[in-house]
Structure formats: structure tokens, C-alpha cells
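Undergrad: Below: sequence and its predicted model.
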Amino acid sequence: MHVGLSVIFQGPDGAKSDRQVYQDELKLADLAEPLDFHSIWAVEHHFTDYTMSPDVLQFLSYMAGRTKTVKLGSMVVVLPWHVTPIRVAEEVTLLDHLSGGRFIFGIGRGLGRIEFEGMGVNQEESRARFVEYAGMILEGLEKGYCEGKGQFIDQPRRDIRPAPFKTFRGRTYAAAVSPESSQIMARLGVGLLIVPQKPWESVLTELEDYRKIFRDVNGTEPPPPLVAGWTIVNEDAAQAEADARKYIGNYYQSVVDHYEFAGTHLQKMKGYEAYAPMQAAMQEKGAQEAMTDAFVGLHPWGTPDQVVEKISGIRDMIGAEGFVGVFSYGGMSAEKAEANVRLFADKVMPRLKALGAPGSIVGLAAD
């Protein structure tokens, strides 16, 4: 398997200053290459301490200069929050040049109301904007220029300089939660980045639809999906479970708060119909606790043996050939997060790598 490390710059409840959060997370990111992870990933979010990573491409450019071989992945660039598609295409190409072609392009459409309002973007337009932006960017990265007129963008032909120097086919992934989004990604010809948050039976059903559409539209097999996981590793099984329930549980609470899942706005928002049942269920007594337990159960935690078993089980179930671990979140101390990363790298990662060569994902293969 391909194995990556992601940093998310979370600072819940003001327990640390923003500067301290960055110092701690940058230290973890600097461990990725010496500990032999295949890739470093980061996210894009704005305005709150849910994750303080407003420019994922800038961060990855910084990491490009601090590393030599590790891949660099966006998890994800939220396209509707960017002013024009061609600016994203330019920034992506520049990062690819700076890193020697090590960039893995992850894209998404966003969900947080606070972020859409702060960016002055109508959230109900997000799906249409995403499709229009993604089409222009992905075509531009292959042709070396962007042009086109759509609902939101009237782009005269302009070259991307520096010009793209190798294809992004096979190394572009998209986060997709709803069935509709999965189908859009198939038509765009991109791989899926899956964050476990609903029953695997539902994921499998949506993957089957995605794979069928991908084959029909693109005439080829889709790339194996990548899976991200909020990870806890401890030699003591009881301590691992306690930490998982505390820190992964805390993280899920931050998700509920940031996305306002306990509210009602998504039940009547165009393009977010898939979230309506969740918001409705959240209104029931005890629902949030049950959903927290379910979320914790989807992610890899336990002893090294248990974590290997969980990740390899996910791999076998959905055909994933890449895993991206998140190791610092939910108020975890810097010391605990570093111990988490180091134990994973020592006792878990070698066994995951042995499950299959990273070259089984074309876009993530070593150059």
C-alpha cells in the first residue's frame, strides 16, 4: 500500500495558540520523509480552529522545499472557494515544478456554511461551480491553457506558465460523500479519496456506481481509492481504546460543530440533500452520542496488530491501495501525537507497505 501522513492544524477550544499549533504540526510534517512515509497531506479550511489551513498549496510548497522524495497531497483544494479556475491551475502547476512532479491533486466542493459565507459564495451553487471549475482546471492541466465560457466563468484562452510538464491523470483525487458527488467524480475521470463517516455497506454501493460510470465514460478502470483515517496506535489495547474514544470522539464533535450537523440548514439546501437525514437524526435524543461511537468505530485504532488488521480489512473490502493517516487532532498533546506517528511508522507501516507495491496506484508510483 501507499501510506501517507496528513497534518490538519487543529486547535480546539483555544488550548494552544495558533502559533503553537503550527509549530507542533510542522514538526510532525518534518517526520514524514525520515520515517519513510510515501506522502505528506494537508487540508483546506478557513476562519475557525476546526483546522487552520487556509492555503494548502502554499503549505505544500513549503514542504516541497524541505523534502526531496516524499509526495505532496492536497486533502483537498475546495474549488468553489477560489476566485477563478485558472489561478488554481497556475498554483498547482507551480507547485508541481517546485516539487519535481511530486504533487497529488485532491479536490472537493466544501460543506461548511461559515466558509461559504465568509468567501461570499452562494453555497447552493457549490456543485455547479465545482463541476465547471474542475472541468476547466483538469482540461487546462492537460492542454497547458484554460479557456471556456460557463455559468460562472468566462475565461479567454490563456496559457498556464510555467507550463504543466506531466499529466495529472491518475494523480487527481476528489473527496466525495454523497452518491451524487461520487458520480460526478467518475465523469470527471478522477479517483476517490474516502474519509470513513458512514457504514461501509453504503460506501460499497456508491463505489459500484462510481466504477461503472467511470468505465462507461472513460473507457478504462478507475484508480483504486485512497482512504484517510484518524489513527491511534498504542501497545496497550485498553489505552488505545481510551485514547480513540477521547480524541477521535473530540474530533467528531468538532466536525459536528464546524458543519452545524446538529442544525437544520442542510435539510433545505440545494445540492446537500444527502445530509438531510443526518441533520434530522441529530435532533433525536442520544443521537449525537451514538453517531460519535459509530464514527470512532470506523477509524483505525488499537495495538499495532489491530490497526494493521483494520486498515488491511478496509483495503480488502473496497479495493483501496492507499492509506493516509491523521495522527494529531482532538486536543491531543504534541508528545502523544509524535509517539502515535512513530509507533505507526515502526510497527504498522512496514506491514501495510508489504500488502502491495505503491506503484499499484499509477499516480502515486515512484518516479
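TA: Here it is on my side, so go on.

Undergrad: Against D293, how distant is V88?
TA: Using C-beta to C-beta, to the nearest Å, we find V88 at a distance of 38 Å from D293. C-beta: built from backbone N, CA, C; applies to glycine.

Undergrad: Which of the two has more residues huddled nearby?
TA: The residue with more neighbours, out of V88 and D293, is V88; 23 against 12, by other C-beta atoms under 10 Å.

Undergrad: right, and the helix or strand after the helix or strand where that one lies?
TA: Counting by DSSP states H and E, the element that carries V88 is helix 85-99. Taking DSSP H and E as the definition, the helix or strand that follows helix 85-99 towards the C-terminus is strand 103-108.

Undergrad: tell me which strands and helices that next one is in contact with?
TA: strand 39-42, strand 71-74, strand 77-78, helix 85-99, helix 126-143, strand 172-175 (3 or more C-beta pairs under 8 Å, 6 or more residues apart in numbering; DSSP states H and E).

Undergrad: Could you export those to TSV, including columns for distance to G4 and mean pLDDT?
TA: Shown next, in TSV, are these (distance: least, C-beta to C-beta, whole Å; pLDDT from 0 to 100):
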stretch	distance to G4	mean pLDDT
strand 39-42	4	98
strand 71-74	6	98
strand 77-78	16	98
helix 85-99	15	98
helix 126-143	21	98
strand 172-175	11	96
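
Undergrad: Please convert these to a markdown table, extending it with distance to A274.
TA: Formatted as a markdown table, the helices and strands packed on strand 103-108 follow (distance: least, C-beta to C-beta, whole Å):
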| stretch | distance to A274 |
| --- | --- |
| strand 39-42 | 24 |
| strand 71-74 | 23 |
| strand 77-78 | 17 |
| helix 85-99 | 25 |
| helix 126-143 | 11 |
| strand 172-175 | 13 |
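
Undergrad: To M349, which of those lies closest?
TA: Closest approach to M349 among the helices and strands packed on strand 103-108 (C-beta to C-beta): strand 39-42, 12.0 Å.

Undergrad: From the chain's centre, how far out is the helix or strand following the closest one? Work that out for me.
TA: Going down the chain from strand 39-42, the next helix or strand is helix 56-66, by DSSP H and E. Its chain's average C-alpha position is 16 Å from that of helix 56-66, according to C-alpha atoms, centre = their mean, to the nearest Å.

Undergrad: now the angle between helix 85-99 and helix 56-66, please.
TA: 10 degrees (axes from the mean of the first three to the mean of the last three C-alpha atoms, to 10 degrees).

Undergrad: Taking strand 103-108 as reference, get the angle to helix 56-66.
TA: 160 degrees.

Undergrad: Against which helices or strands is helix 56-66 packed?
TA: Contacting helix 56-66 under the criterion 3+ C-beta pairs under 8 Å, 6+ apart are the following elements: strand 39-42, strand 71-74, helix 85-99.

Undergrad: Can you give me the buried ones in it?
TA: Residues of helix 56-66 classed as buried: V56, L57, F59, L60, S61, Y62, M63, A64 (neighbour count, 16 or more other C-beta atoms under 10 Å).

Undergrad: nearest spatial neighbour of L94, skipping sequence neighbours?
TA: P162 (6.6 Å; C-beta to C-beta, 6 or more residues apart in numbering).

Undergrad: Hmm, that neighbour is touching E91, no?
TA: No. Counting by C-beta atoms under 8 Å, P162 does not reach E91; the two are 11.4 Å apart.

Undergrad: Looking at this structure, which residue reaches furthest from the middle?
TA: When distances are taken from the C-alpha mean of the chain, P156 lies farthest, 31.4 Å away, according to C-alpha atoms, centre = their mean.

Undergrad: May I have the residues that are in contact with G319?
TA: L207, P224, P225 (C-beta atoms under 8 Å, 6 or more residues apart in numbering).

Undergrad: Now do stretch 342-352: everything it contacts.
TA: Contacts with stretch 342-352, where a contact means C-beta under 8 Å, 6+ apart, come from 1, 3, 31, 35-37, 231, 233-235, 304, 307-308, 311-312, 323, 325, 327.

Undergrad: Walking through this protein, point out its helices one by one.
TA: Taking DSSP state H, the helices of the chain run over residues 18-31, 56-66, 85-99, 113-119, 126-143, 179-188, 200-218, 237-243, 249-259, 276-282, 287-298, 304-318, 334-343, 349-353.

Undergrad: Just put those helices in a markdown table and tack on distance to L72.
TA: Below are these laid out as a markdown table (distance: least, C-beta to C-beta, whole Å):
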| stretch | distance to L72 |
| --- | --- |
| helix 18-31 | 10 |
| helix 56-66 | 4 |
| helix 85-99 | 6 |
| helix 113-119 | 23 |
| helix 126-143 | 16 |
| helix 179-188 | 21 |
| helix 200-218 | 25 |
| helix 237-243 | 29 |
| helix 249-259 | 23 |
| helix 276-282 | 32 |
| helix 287-298 | 26 |
| helix 304-318 | 22 |
| helix 334-343 | 17 |
| helix 349-353 | 18 |
